[in-house]
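Enquirer: no sequence for this one, just the structure:
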């Protein structure tokens, strides 16, 4: 999982209480839930997780992940580098009963609250899946170049408008 000898499972409450930090890198090829979205799985993402206790004495986990993913533009299908830059704080709770209801979460979002999202932690918390989840959540629904070539290649080598191609399907 990682280039350094940390365990995949961590006690996030101890991490928070003792302000522990773990960091390392994860091979992109090991992020299997992302495999279908990538055109190349070489390289690694660097991560840091730091436990902390806030002013209200609540355990939190600060996670950062940086690196670059090789993806395809959803518009032109050409290669596109996506820079992963995750910087998130999670409020770790002991049980699902401690989580906010969906209505409370929605109301907080609509009110512009910047309170950290609550997540159920444990003494055997899966750090790898958390990192993979955060990377997946950082990727836009439609990853595209700012400006793509407006014409798509045809089998004859000529360029045709995407709308011309669609018109032929009628």
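Expert: Now that the structure is in, tell me what you want to look at. Note that this is a predicted model, so its numbers are computed, not measured.
Enquirer: which ones are touching residue 28?
Expert: By C-beta atoms under 8 Å, 6 or more residues apart in numbering, the contact set of residue 28 is 34, 38, 41, 42, 43, 44, 45, 67, 69. In short, each C-beta sits where N, CA and C put it, glycine included.
Enquirer: give me the pLDDT for it.
Expert: Predicted confidence (pLDDT) for residue 28: 94.
Enquirer: against residue 19, how distant is it?
Expert: The gap separating residue 28 from residue 19 is 29 Å, by C-beta to C-beta, to the nearest Å.
Enquirer: which residues of this structure fall in strands?
Expert: Secondary structure of the chain, counting by DSSP state E: strands at 9-10, 21-27, 38-40, 44-53, 59-72, 79-93, 117-120, 125-126, 151-153, 159-161.
Enquirer: hmm, residue 64 is touching residue 22, no?
Expert: No. Look at residue 64 against residue 22 with C-beta atoms under 8 Å: they stay out of range, at 11.6 Å.
Enquirer: buried residues, the top helix by length along the chain. List them.
Expert: Secondary structure of the chain per DSSP state H: the longest helix is helix 127-138. By neighbour count on 16 or more other C-beta atoms under 10 Å, the buried set for helix 127-138 is 127, 128, 130, 131, 132, 134, 135, 138.
Enquirer: perfect, I'm done here.
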